[in-house]
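1. With the sequence up front, the predicted model follows.
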Amino acid sequence: MEEDRTNKVKEYIEDLGGVPETLLSIGMIGPIILSILGIAPQLMEGAEDIMGTFDPAMIMSIVNGGLIFTLIGMAMTGIKAHTKDPGL
């Protein structure tokens, strides 16, 4: 019984090996990319012709929506990792 428990713990640790890196990547890179996309029309010359002009409130709503989407992605990754818990 103890060997079975040890094997379950080993499998659990191996399965969760990439989760912290995934959460860190999503949590760090997501907001940076969203912020750059939100201010892209002001950064690039001639972008207003392609994208049109955005008021700051619309830019913030796009960035905030993306941040919420990032948070949901991180939560789903954590929930998926938690479902693999062997219940020790």
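-> Good, I have the coordinates.
2. Return the set of buried residues in whichever helix in the chain runs longest.
-> Ranked by number of residues, the top helix in the chain under DSSP state H is helix 56-83. Within helix 56-83, the residues that count as buried by 16 or more other Cβ atoms under 10 Å are 59, 63, 66, 70, 74, 77, 81. Heads up, the C-betas are built off the backbone N, CA and C, glycines and all.
3. could you redo those as TSV and give each row distance to residue 30?
-> Shown next, in TSV, are the buried residues of helix 56-83 (distance: Cβ to Cβ, whole Å):
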residue	distance to residue 30
59	16
63	11
66	7
70	4
74	8
77	12
81	18
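4. Name the nearest of those relative to residue 5.
-> Closest approach to residue 5 among these (Cβ to Cβ): residue 81, at 19.5 Å.
5. surely that closest one meets residue 17?
-> No - Residue 81 is not in contact with residue 17 according to Cβ atoms under 8 Å; the separation is 10.3 Å.
6. per-residue pLDDT, the residue nearest to residue 43 when sequence neighbours are not counted?
-> Nearest in space to residue 43, with sequence neighbours left out and distances taken as Cβ to Cβ, 6 or more residues apart in numbering, is residue 36 at 7.9 Å. The model reports residue 36 with a pLDDT of 79.
7. Please, which helix or strand holds residue 36?
-> helix 19-43 (DSSP states H and E).
8. Pull out the buried positions in that helix.
-> Applying 16+ other Cβ under 10 Å to helix 19-43 flags 23, 26, 30, 34, 38, 41 as buried.
9. in the protein, what spans have low per-residue confidence?
-> 47-48, 51-54, 82, 84-88 (pLDDT under 70).
10. Okay then, goodbye and thanks.
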